[in-house]
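Enquirer: turn this into a model:
(4 chains)
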2 protein chains.
Amino acid sequence: MPEKSQQKNLATGAEMAEEPRDVPHALIKLIEEEGLKVGDRLPPELELVRRLGFGRSTIRETLKTWESMGVVSRNKGAGTRLIAEVSRNTLRVALTIKHEAESLLRMQQVRRPLEIEAVRIATRLATPDQRRIINARAAELMAVYEAGEDWRPADHRFHKAVHEATGNSLFEQIIEQILKCFHDIYETPFGKPHLGEASIPLHRPLADAIIAGDEDRAAELTATIIDMVCAETQEIAEEHNG
Amino acid sequence: MPEKSQQKNLATGAEMAEEPRDVPHALIKLIEEEGLKVGDRLPPELELVRRLGFGRSTIRETLKTWESMGVVSRNKGAGTRLIAEVSRNTLRVALTIKHEAESLLRMQQVRRPLEIEAVRIATRLATPDQRRIINARAAELMAVYEAGEDWRPADHRFHKAVHEATGNSLFEQIIEQILKCFHDIYETPFGKPHLGEASIPLHRPLADAIIAGDEDRAAELTATIIDMVCAETQEIAEEHNG
DNA sequence: TGAAAAATTATGTCTGACATAATGTTTACA
DNA sequence: TGTAAACATTATGTCAGACATAATTTTTCA
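Expert: Reported below is the predicted structural model:
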């Protein structure tokens, strides 16, 4: 903390103020100065244009890149939110995933222990606020499901709330990226509409277990949910591998 | 106002080979059709605009993201070159990890369930050949350890052999990347030499359990090993946060 | 009070313009 | 003739403006 070991600024001559000349640094500077934390909203693009002094498309390129790295999430009409900590010293790690039917299974196989552990940690550590959010997300999911609408966005929000409650953004990042890949692969070639639909009713008791602090039950339900998805995934993979 | 200018891919008829509706898919399709390999140049942006039917800024957002993921390199005046294989079969995802003491703990927290699950799967699925390799790696590790030499390369090979026995390269990739980050952060600023040294003797019985197919025992030993590393990591993190 | 309707906000996309670095081509000179 | 300077072309980098559309907020009305 006292040792500012940032050798990044090659323009050593200047003193402190030194306006960053590229968008990522300017954004990080703004986030740090503003004290924005995970979950907070970034200023809208047009305000960033005004405050940072870059063009909108330039700023958008950085925000889109950050989105693909899981640093922010962006939604039309809603805005841009921080979903991972950013600072001058972050490392980036790239994974390569083969895009074929069998990968679907492999991804679920990796997702399984991560999701279970995330639920365990969330059950132990969630704040009352976070438990309330998880409860609300579960209610929303059940409502959408029973109405026969597309429950996938609600499902996504529910799990995301759980991940956030772990206090460890790596869980959310990795699972999020795996699911993103999963859907990228899954949607186009093998288009079974609602994978994992049968597991949705289990989300209500899962939320209850998390809120009640019953770690073992929450883990058990999570395992059941993912096993159901795995089973369906396996069927699909077998269909496509002959 | 005139008609929407030919809105290229309105997904009107389902028959037309299904034009991709987003830039990444369209780009991958073009790269595959063109047979572009690593080192080749992509068409210039304006030609992509013409051929893919998306606006330039939209295409640029994808290319910039690909650049940040190490898929292409871009140079003003020169063009955009492929520097990594990309196809319908390859997805790249990036994680960001904060470069500080607390990240060490978070990484171990994620590594723990992954490593345990990997050991479980390996114990179930390893071929006789793979079990022999695991046995050999364990013997090598113990020999190096007892000789008082640097056991870390041998430790790395042992765990890698286990990961390979899962038949799921994602485990190895993710754990490998996490450990790489871990050591990046760990070695330089907080230089305790041999983290996890006390856990090395446990690797012999772990190998035995894997070879014998005793999944629960293998999982238990793995948990113990990682918990020892976690405990040491926590001490370090506390030293640097206290 | 509560729900539907309207207004506002914020991101998504396209177009056009100009700046600038890298490359390619021509020209001038020894 | 060979080579280097000068010029022209190419391709990415940046900015600005306009409109579309999803999400949110405010207003209106039963």
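Enquirer: can you tell me the SS state at A:Gln234?
Expert: helix (DSSP: H, G, I helix; E, B strand; the rest coil).
Enquirer: what about it, how many residues nearby?
Expert: Neighbours of A:Gln234 under the rule other Cβ atoms under 10 Å in any protein chain shown: 13. Every residue, glycine included, has its C-beta placed from N, CA and C.
Enquirer: where does chain A have low pLDDT?
Expert: Per-residue confidence for chain A (pLDDT under 70) gives these ranges: A:1-20, A:88-94, A:98-100, A:184, A:186-193, A:240-242.
Enquirer: domain boundaries for it, per the record?
Expert: Domain assignment for chain A by automatic domain parsing gives A:2-86, A:98-241.
Enquirer: what are the ranges of the helices in chain A?
Expert: A:23-34, A:45-52, A:56-68, A:101-125, A:128-146, A:152-165, A:169-187, A:203-212, A:215-241 (DSSP state H).
Enquirer: could you identify which of the domains of chain A is most buried?
Expert: domain A:98-241 (a mean of 18; mean count of other Cβ atoms under 10 Å in any protein chain shown).
Enquirer: that domain and chain B in contact?
Expert: Yes. Judged by Cβ under 8 Å from any Cβ of the partner chain, domain A:98-241 and chain B are in contact via A:98-100, A:106-107, A:109-110, A:112-114, A:116-117, A:121, A:168-171, A:173-174, A:177-178, A:180-181, A:184-185, A:188.
Enquirer: near DNA strand C, list only the ones from the residues you listed.
Expert: Applying Cβ under 7 Å from any atom of the strand to the residues of domain A:98-241 next to chain B, one finds that nothing falls near DNA strand C.
Enquirer: B:Leu114 versus whatever residue of chain A ends up closest to DNA strand D, what's the distance?
Expert: Closest to DNA strand D within chain A is A:Gly77: 2.4 Å, counting by Cβ to the nearest atom of the strand. For A:Gly77, the distance to B:Leu114 equals 37 Å [Cβ to Cβ, to the nearest Å].
Enquirer: how about A:Glu232?
Expert: A:Glu232 is 23 Å from B:Leu114, by Cβ to Cβ.
Enquirer: once you drop chain neighbours, what's closest to A:Glu172?
Expert: A:His163 (3.7 Å; Cβ to Cβ, 6 or more residues apart in numbering or on different chains).
Enquirer: which residues does A:Ile59 contact?
Expert: Neighbouring residues of A:Ile59 by Cβ atoms under 8 Å, 6 or more residues apart in numbering or on different chains: A:23, A:27, A:45, A:48-49, A:52.
Enquirer: list just the nearest of those to A:Glu197.
Expert: Relative to A:Glu197, the closest of these is A:Glu45; by Cβ to Cβ it sits at 36.6 Å.
Enquirer: so the closest one versus chain B, what's the distance?
Expert: Per Cβ to the nearest Cβ, to the nearest Å, A:Glu45 is found 12 Å from chain B.
Enquirer: not counting sequence-adjacent ones, nearest residue to that residue?
Expert: With sequence-adjacent residues excluded and distances taken as Cβ to Cβ, 6+ apart, A:Glu45 is closest to A:Arg56, at 5.6 Å.
Enquirer: and for A:Ala122?
Expert: In this structure, A:Ala122 finds its nearest non-sequential neighbour in A:Ala165, 3.9 Å apart by Cβ to Cβ, 6+ apart.
Enquirer: show me the contacts for that neighbour.
Expert: The contact partners of A:Ala165, taken as Cβ under 8 Å, 6+ apart, are A:121-122, A:125-127, A:130-131, A:134, A:210.
Enquirer: also A:His156?
Expert: A:His156 sits in contact with A:Leu179, where contact means Cβ under 8 Å, 6+ apart.
Enquirer: and if you look at the one 3 residues further on?
Expert: With contacts defined as Cβ under 8 Å, 6+ apart, the neighbours of A:His159 are A:115, A:175.
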